[in-house]
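In: The sequence and its predicted three-dimensional model are supplied below.
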Number of protein chains: 2
Amino acid sequence: MSATANAAGGSSPSNVASYKILDSTLREADQWATNPLSRDTKVAIAKALDSFAVDYIEITSPSSSEQALEDSKAIAALGLKAKLHAHVRDLDDAKKAASVDAGVRSVGLVVGASSFSSDVSHEKSMEKIQESAVEVIAYLKSQNVETQFSFEDTFRSDLVDLLSLYQAVKEAGADRVGINDIIGGTTPRLVDDNEELTKRKGVINGDIECRFHDETGCAVGNAVTALEAGATHIDTTVLGIGERNGLVPLGAFSARMLVAAPEYTKGKYNLKELKALETVVSEAVNINVPYNNPVTGFSAFTHKAGIHAKAILNNPSTYEVFDPAEYGISRNVAINSRVTGWNAVRSRVDQLGLVMTDDEVKAVTAKIKQTADTRPLTIEDTDNILHAFHAELKKA
Amino acid sequence: MSATANAAGGSSPSNVASYKILDSTLREADQWATNPLSRDTKVAIAKALDSFAVDYIEITSPSSSEQALEDSKAIAALGLKAKLHAHVRDLDDAKKAASVDAGVRSVGLVVGASSFSSDVSHEKSMEKIQESAVEVIAYLKSQNVETQFSFEDTFRSDLVDLLSLYQAVKEAGADRVGINDIIGGTTPRLVDDNEELTKRKGVINGDIECRFHDETGCAVGNAVTALEAGATHIDTTVLGIGERNGLVPLGAFSARMLVAAPEYTKGKYNLKELKALETVVSEAVNINVPYNNPVTGFSAFTHKAGIHAKAILNNPSTYEVFDPAEYGISRNVAINSRVTGWNAVRSRVDQLGLVMTDDEVKAVTAKIKQTADTRPLTIEDTDNILHAFHAELKKA
């Protein structure tokens, strides 16, 4: 089976340990947020992205407005390590984006379903698209700009059309081609088929960039599967923001890759910057970090059930897929619950600097469980119970 | 490749159009929420789950406390269509769970990593686990209870151990076996390997239930891949609640399956009940619905960028993977943005009952864009601009 063949280094080399991240937060936020982002906010986000060390920072295309051009210049002036990337739709756009002072070093040409006009034949449309794509790519190469070509809705496009276009733009010098799931409709298996096919046909021997929307919850699964099947670049946004359900969330993707390729991921990206980056972005677009956000959601490293908490204290890897310290985050064993175990309480007693025997800890655990059965307990409540119990012990 | 083989009806039959849902919201909420759920809340959630028509409702094991047993009786008394399911760890648990008045019709025996005691040899431990598992399964079958056997941490377990256990419990009459990713560490490709292997070896000819945690964002991708590879039952929770990053979220999974198997999914489950169900649960455990929650998140069906909004108005399927009406939800085209297009504004003008020519709409669109460039606009602001512009027109 292909899955095994790839995992074992089969025909399509896996790029799980050599992937690159193109982050589109700035572009998507501009389109998506209720309030347009100020230049200062854009600069702050760009700096935070660069601190995390994403490879590319996609900005709103400088060709889209005077303000976007000025914003682009301001970000370019920061001298970030990440390459600025912008997408364009035609030669005019490309000329504006590739102008020297815009600071854009990588340009993606996106051809969309809306490019098909209904009053000409399909064949004529495809010819026109190809001609125009080749012209844009050739122009960008002449300006020494890195180029990417993609078809907006790859998974619902005619395969022959798609491969013909890819072939033509590769010949015109495109550095990489893009595969887009604009509607969030694909699955890991379809991605695997698509990538395998694209590579196997020998059409694409170079880089493949993937952009997955998340309408049906598969964006991260699709991304890792794409890398396993030979893709090289993954598009992300911080917290997954973007139109409708957004794109591959950078945090969840980084967690996935920390597990899949720990050395590469830790060596290349500054995971400890994730939380600050998510804070800047969530404030800029006025959203809450989802309670179940991988890595930084409030319950991500909270353990409560007695049996789990015991195992966590003995050996965190029993119930943790990676150490939260990789992200500079601490785990938290909650003890304010009916199902708490005495091992977790022991840990809290020690944290609070209280001295108790195991039997005493067991007794106070019973007290906590009893109280939790009758009313909700906060962590402050349980700390109060522990302190009161300890005071009683000292008196006795 | 296996992916294609399965998609085309290869060796392992895909169960994408015949899956069952076991929802664990009640059990997970009990372990996870800050406040324990009241009986009334549990009853409300159970009813809402039954309205959605999940196949199984997992409750906190009646063996875990007197309160849990009474809760179980209260839920059983509702006479729901869904089967009540509970998990047990040993024969004592099983006897309590299978007692007639508890109303439990399906029991899962979960054997965990913590079952391995360190002071006996691995072989001895495995022998003991198998002996005890067979005893529990045989007892449950004698009580005419549906039985499931699973190993808590399937993806990190020794394959020979795992298959031996599966074989033994199948022989003892287990109705299905479970595959659990307790740490959220697996990927769609590993799931595919695991399921294929399990089926191909001929060890399991019956049902396979999968429980995926979501620490690295792959739970839904794993679930659909598991069904494609022959799994039959998927464990979910509403909004994906559960320890750490929780499980497969019911809403995202339903959206995935609505795309993968529309007829089965719409025929079997009451998708229009999702929003009410998520509301009951989010209030019970005191969380906000994440902004990017598939289907019901606030931006899930909001379209803003000009080019997208135009296409949506012409043909929604261009940028929507399914019609929100399947869930009883309306789409929303936002026009209060710098990148709005006149088609979207036309749509709002019509909604407001204002009469304008296309040229007039284009003129007011320019006005909206201009204003949006200088300050943030709410939908009320843009409506005011439209009304004022319309009043000017009438005066002229």
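Out: Ah, there it is.
In: average pLDDT for stretch A:144-161?
Out: The average pLDDT within stretch A:144-161 is 86.
In: which parts of it are buried?
Out: Within stretch A:144-161, the residues that count as buried by 16 or more other C-beta atoms under 10 Å in any protein chain shown are A:145-155, A:157, A:161. Bear in mind the C-beta positions are built from the backbone N, C-alpha and C, glycine included.
In: Name the helix or strand for the closest residue to chain B within chain A, please.
Out: Proximity of chain A to chain B (C-beta to the nearest C-beta) peaks at residue A:221, 2.0 Å away. Counting by DSSP states H and E, the element that carries residue A:221 is helix A:219-228.
In: quick one: is whichever helix or strand comes after that helix near chain B?
Out: As assigned by DSSP H and E, the chain's next helix or strand after helix A:219-228 is strand A:233-236. No - using C-beta under 8 Å from any C-beta of the partner chain, strand A:233-236 stays clear of chain B, with a minimum separation of 11.1 Å.
In: so what's the most centrally placed residue in chain A closest to, chain neighbours aside?
Out: For chain A, the residue nearest the mean C-alpha position is residue A:250 (1.9 Å; C-alpha atoms, centre = their mean). Leaving aside its sequence neighbours, residue A:250 sits nearest to residue A:236 (C-beta to C-beta, 6 or more residues apart in numbering or on different chains; 4.2 Å).
In: Show me what the one you found is bridged to.
Out: Note on residue A:236: beta-bridge partners residue A:23, judged by DSSP bridges.
In: Domains in chain A, by residue range?
Out: A:2-285, A:302-395 (automatic domain parsing).
In: Compare these and give me the one nearest residue B:294.
Out: Checking the domains of chain A against residue B:294 by C-beta to C-beta gives domain A:2-285 as the closest, at 5.4 Å.
In: what number of residues lie near residue A:357?
Out: 9 (other C-beta atoms under 10 Å in any protein chain shown).
In: got it, and residue A:81?
Out: With other C-beta under 10 Å as criterion, residue A:81 counts 10.
In: do the one 4 residues further on as well
Out: Residue neighbour count, defined by other C-beta under 10 Å, stands at 27 for residue A:85.
In: which residues does it bridge with?
Out: Beta-bridge pairing for residue A:85 (DSSP bridges): residue A:58, residue A:106.
In: ok, back up a step: could you check the pLDDT of the residue nearest to the centre of chain A?
Out: 98.
In: my read: it touches residue A:21, true?
Out: Yes - if you go by C-beta atoms under 8 Å, residue A:250 and residue A:21 touch, sitting 7.2 Å apart.
In: Common neighbours of those two, please.
Out: Both residue A:250 and residue A:21 are in contact with A:54, A:236, where contact means C-beta atoms under 8 Å, 6 or more residues apart in numbering or on different chains.
In: All the helices of the stretch 151-300 of chain A, in order from the start?
Out: With DSSP state H, counting those that start in this stretch, the ranges of helices along the stretch 151-300 of chain A come out as A:159-171, A:188-200, A:219-228, A:250-260, A:262-268, A:274-285.
In: Is any residue of the fifth one near chain B?
Out: No - contact of helix A:262-268 with chain B (C-beta under 8 Å from any C-beta) is absent, the minimum separation being 11.5 Å.
In: on that earlier part again, could you find the closest non-adjacent residue to the residue of chain A closest to chain B?
Out: residue B:221 (2.0 Å).
In: and that neighbour, what is it in contact with?
Out: A:187-188, A:217-218, A:220-222, A:225, B:187-188.
In: Tell me the one of those nearest residue A:53?
Out: For the contacts of residue B:221, the nearest to residue A:53 is residue A:220 (19.4 Å; C-beta to C-beta).
In: isn't the closest one right up against residue A:259?
Out: No - in this structure, residue A:220 is not within contact of residue A:259 by C-beta under 8 Å, at 11.3 Å.
In: re earlier: got a PyMOL select line for the buried ones in the contacts of residue B:221?
Out: This is the PyMOL syntax for the buried subset of those, where burial follows 16+ other C-beta under 10 Å:
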select buried, (chain A and resi 187+188+217+218+220+221+222+225) or (chain B and resi 187+188)
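In: The lengthiest helix in chain A vs helix A:159-171, what angle?
Out: The helix that spans the most residues within chain A, counting by DSSP state H, is helix A:122-142. With axes from the mean of the first three to the mean of the last three C-alpha atoms, to 10 degrees applied, the angle from helix A:122-142 to helix A:159-171 works out at 20 degrees.
In: now check helix A:122-142, is it near chain B?
Out: No - applying C-beta under 8 Å from any C-beta, one finds helix A:122-142 out of contact with chain B, separated by at least 15.6 Å.
In: which intervals of the stretch 201-350 of chain A have sub-threshold pLDDT?
Out: A:201, A:303-314, A:332-333, A:336-339 (pLDDT under 70).
In: Mind doing that once more with 90?
Out: Within the stretch 201-350 of chain A, the segments meeting pLDDT under 90 span A:201-206, A:229-230, A:243-245, A:283-292, A:296-325, A:328-350.
In: pLDDT (mean, whole number) over stretch A:48-56?
Out: The average pLDDT for stretch A:48-56 rounds to 98.
In: I figured residue A:208 hits residue A:234, correct?
Out: No - look at residue A:208 against residue A:234 with C-beta under 8 Å: they stay out of range, at 10.1 Å.
In: and the nearest residue to residue A:138 once chain neighbours are set aside, how far is that from residue B:245?
Out: The shortest distance from residue A:138 to any non-neighbouring residue, by C-beta to C-beta, 6+ apart, is to residue A:172 (5.1 Å). Applying C-beta to C-beta, to the nearest Å, the value for residue A:172 to residue B:245 is 44 Å.
In: Residue A:266 too?
Out: Distance from residue A:266 to residue B:245, by C-beta to C-beta: 20 Å.
In: A helix includes residue A:353, no?
Out: No - per DSSP: H, G, I helix; E, B strand; the rest coil, residue A:353 lies outside any helix segment and is coil.
In: quick one, phi psi at it?
Out: phi 80, psi 20 (degrees, to the nearest 10).
In: Can you report how many residues neighbour it?
Out: Residue A:353 has 7 nearby residues by other C-beta under 10 Å.
In: What of the one 3 residues further on?
Out: Residues lying near residue A:356 (other C-beta under 10 Å) number 18.
In: Next: the one 3 residues further on.
Out: Each residue near residue A:359 was counted by other C-beta under 10 Å, and the total is 8.
In: Pull the residues that contact whichever strand or helix holds it.
Out: Using DSSP H and E, residue A:359 falls within helix A:358-374. With C-beta under 8 Å, 6+ apart as the test, helix A:358-374 has contacts from A:335-342, A:345-346, A:349, A:356, A:377, A:381-382, A:385-386, A:389, A:393, B:36, B:65, B:67.
In: quick one: which of the residues you listed sit in helices?
Out: A:342, A:345-346, A:349, A:381-382, A:385-386, A:389, A:393, B:67.
In: okay, those residues in CSV with neighbour count next?
Out: Shown next, in CSV, are the ones in helices among the contacts of helix A:358-374 (neighbours: other C-beta atoms under 10 Å in any protein chain shown):
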residue, neighbour count
A:342, 23
A:345, 26
A:346, 20
A:349, 22
A:381, 15
A:382, 22
A:385, 21
A:386, 23
A:389, 20
A:393, 15
B:67, 15
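In: Around chain B, which positions in the stretch 101-250 of chain A sit nearby?
Out: Close to chain B, as judged by C-beta under 8 Å from any C-beta, the stretch 101-250 of chain A has residues A:112-114, A:153, A:182-185, A:187-189, A:192-193, A:196, A:214-222, A:224-225, A:228, A:239-241, A:243-246, A:249.
In: what do you get if the cut-off is 7 Å, keeping everything else the same?
Out: Contacts of the stretch 101-250 of chain A with chain B, taken as C-beta under 7 Å from any C-beta of the partner chain, map to A:113-114, A:182-185, A:187-189, A:192-193, A:196, A:214-218, A:220-222, A:224-225, A:228, A:240, A:243-246, A:249.
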